[in-house]
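Asks: structure here, sequence nowhere to be found:
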């Protein structure tokens, strides 16, 4: 096996990157798995507006993010941006946060995916197996695809994404054609409905549904034209995810009625969407949705695997992590060793939960997704500040909206989301203050650990601004 140390290679376009980002968002997982929980324990019929609010905030944030992508092209994305804007110490702290975020969200998805596969095996007459056995199977397949060129993974994710978006779209259209018990109410989009109950919980789940949108910049080196591709892909991904979630969640509210959906979700949290699909389109369609939920989870696993591998690659290439991680495969032109390292990390995390006898959904999925949400918001705040500082210091872009106004508004919006999430974090992880405190403590610890690597590594030049 030959290796080389030059940059990543690829010819992926806007559509390919959008596929990677939206696949990480796992549309069917969010609608089939997270949405019923949101409807039950947050603000009920106000959930669609939560998706819309988060989408608007991230679109505004993306203006500055896209502008900076024209000057910094690096697989480290947030890490590289924070380094260029705020310096090496905060930059390495951001790298620690990024690795924590994506490791946590991938572990969470492994928990939900393994539980889903476990249930499917039993439902179709297979033997009862522990949840970690399906997790091992999924991990091996993800590792094999992650080792290869990014374009292979993009094709796999693209095919799966079309199927899962298609099945949710068909259900949404069927609901609109058939109507609901209380008509086509738009009360979901009123401020009074949004602030009903616990809107912070809805916002928390909505933010989690967008984790991975950073991947537009992560794959910059593997695109045909990063200056054009990254900005277009960023806007397209955020708008597509936000629009899709807002629309499809609203149709589920319509299907049950805004005055009844909260009770319906509480009574049937795990089967709300699948039973709705069965009622509207028949049992065969409901079974199809159940199978596609697994492919949706697998697509997210592969997308996050690729994101983590590219962070490790960037750190290895810049002399922060072991240099071997910064090499690429001669034939596949992929960060193969970083990919293998990421697989090893996933094995360790899953092994800890398995040995502890933890529940794959109640513990692994819930705890890790909550941790990832707060971590990614902290990372976005750092990046937003770095973008403002970078353009204030570097005379490379005179567009005030793109480099001053929008980044500042985006930063304020993300700060507001972070406050909402933190005020409801204990509720999110089942009300345990001890677990909440322990999980939140890992965030400053990850930042400090990353920043501390400045004591053991020499400064290394980051990617230079593109001319």
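Replies: Nice, I can see it. Given the structure is predicted, the values throughout are model-derived calculations rather than measurements.
Asks: give me the buried positions along whichever strand or helix holds residue 228.
Replies: Here residue 228, judged by DSSP states H and E, is contained in helix 226-256. Neighbour counts over helix 226-256 (16 or more other CB atoms under 10 Å) mark 226, 229-238, 240-242, 244-256 as buried. The way it works is simple: take the backbone N, C-alpha and C, and place the C-beta from them, glycine included.
Asks: ok, stretch 173-182 next?
Replies: Residues of stretch 173-182 classed as buried: 174-175, 180, 182 (neighbour count, 16+ other CB under 10 Å).
Asks: and these, which two are the farthest apart?
Replies: Between any two of those, the greatest separation by CB to CB is 17.3 Å, found for 174 and 182.
Asks: would you map the strands across the stretch 201-350 of the chain?
Replies: In the stretch 201-350 of the chain, the segments counted as strands under DSSP state E, counting those that start in this stretch are 328-329.
Asks: show me where it has its helices.
Replies: Ranges of helices in the stretch 201-350 of the chain, per DSSP state H, counting those that start in this stretch, are 215-218, 226-256, 261-267, 272-281, 283-317, 336-355.
Asks: which residues sit against the fourth one?
Replies: Helix 272-281 has contacts (CB atoms under 8 Å, 6 or more residues apart in numbering) with 31-32, 35-36, 39, 170-171, 174-175, 178, 252, 255-256, 264-265, 268, 285-286, 289-290.
Asks: skipping adjacent residues, who's closest to residue 239 in space?
Replies: Spatial nearest neighbour of residue 239, excluding adjacent residues (CB to CB, 6 or more residues apart in numbering): residue 59 at 6.6 Å.
Asks: residue 67 too?
Replies: Excluding the flanking residues, the one nearest residue 67 by CB to CB, 6+ apart is residue 402, at 4.3 Å.
Asks: for the one you found, what are its contacts?
Replies: Shown in contact with residue 402 (CB under 8 Å, 6+ apart): 63-64, 66-67.
Asks: which one of those residues has the most neighbours?
Replies: Counting neighbours by other CB atoms under 10 Å, residue 64 leads the contacts of residue 402 with 29 neighbours.
Asks: does that one touch residue 387 like I think?
Replies: Yes. Counting by CB atoms under 8 Å, residue 64 touches residue 387, with 4.3 Å between them.
Asks: quick check: the gap between residue 168 and residue 33.
Replies: Distance, residue 168 to residue 33, by CB to CB, to the nearest Å: 12 Å.
Asks: these two: who's more crowded?
Replies: Between residue 168 and residue 33, counting by other CB under 10 Å, residue 168 is the more crowded of the two (26 against 21).
Asks: next up, identify which helix or strand that one is on.
Replies: In this assignment (DSSP H and E), residue 168 forms part of helix 150-178.
Asks: model confidence over the following helix or strand past that helix, on average?
Replies: On the C-terminal side of helix 150-178, the closest following helix or strand by DSSP H and E is helix 191-194. In this model, helix 191-194 has an average pLDDT of 93.
Asks: can you check stretch 298-307 too?
Replies: Here stretch 298-307 scores 82 as its mean pLDDT.
Asks: wait, what's in contact with residue 109?
Replies: 26, 29, 297, 300-301, 304, 365.
Asks: now for these: which two are most distant?
Replies: Maximum distance among those (CB to CB): 13.7 Å, for 304 and 365.
Asks: which residue of these two possesses the greater neighbour count?
Replies: More crowded of residue 304 and residue 365, by other CB under 10 Å: residue 304, with 31 against 23.
Asks: any weak-confidence spans in the stretch 251-400 of the chain?
Replies: Residues of the stretch 251-400 of the chain that meet the criterion pLDDT under 70 lie in 329-334.
Asks: make it 50
Replies: The stretch 251-400 of the chain contains no residues with pLDDT under 50.
Asks: for residue 186, what are phi and psi?
Replies: In terms of degrees, to the nearest 10, the main-chain angles of residue 186 are phi -110, psi 20.
Asks: and it, what's its pLDDT?
Replies: Looking at residue 186, its pLDDT reads 89.
Asks: ok, now residue 209?
Replies: Looking at residue 209, its pLDDT is 86.
Asks: right, and it touches residue 242 too?
Replies: No. At 9.1 Å, residue 209 does not count as touching residue 242 under the criterion of CB under 8 Å.
Asks: okay, and the common contacts of these two?
Replies: What both residue 209 and residue 242 touch, as defined by CB under 8 Å, 6+ apart, is the set 51, 54.
Asks: now residue 52: which helix or strand?
Replies: Per DSSP H and E, residue 52 falls inside helix 47-69.
Asks: actually residue 372, not the one I typed
Replies: Here residue 372 is assigned to helix 366-393, by DSSP H and E.
Asks: and that helix, what other elements does it pack with?
Replies: Secondary-structure packing of helix 366-393 (3 or more CB pairs under 8 Å, 6 or more residues apart in numbering; DSSP states H and E): helix 47-69, helix 78-86, helix 88-123, helix 199-210, helix 406-423, helix 425-428, helix 433-452.
Asks: where among the ones you listed is the average confidence lowest?
Replies: Looking at the helices and strands packed on helix 366-393, the weakest mean confidence is helix 425-428, a mean of 80.
Asks: so which elements touch it?
Replies: Using 3+ CB pairs under 8 Å, 6+ apart, helix 425-428 sits against helix 199-210, helix 366-393, helix 433-452.
Asks: hey, which of those is tucked in deepest?
Replies: Across these, the average number of neighbours (mean count of other CB atoms under 10 Å) peaks for helix 199-210, which reaches a mean of 27.
Asks: now what about it, what contacts it?
Replies: Contact with helix 199-210 is made by 25-26, 30, 34, 37-38, 41-43, 46-47, 50-51, 53-55, 58, 105, 238, 241-242, 245, 369-370, 372-373, 376-377, 417, 420-421, 423-425, 427-428, as judged by CB under 8 Å, 6+ apart.
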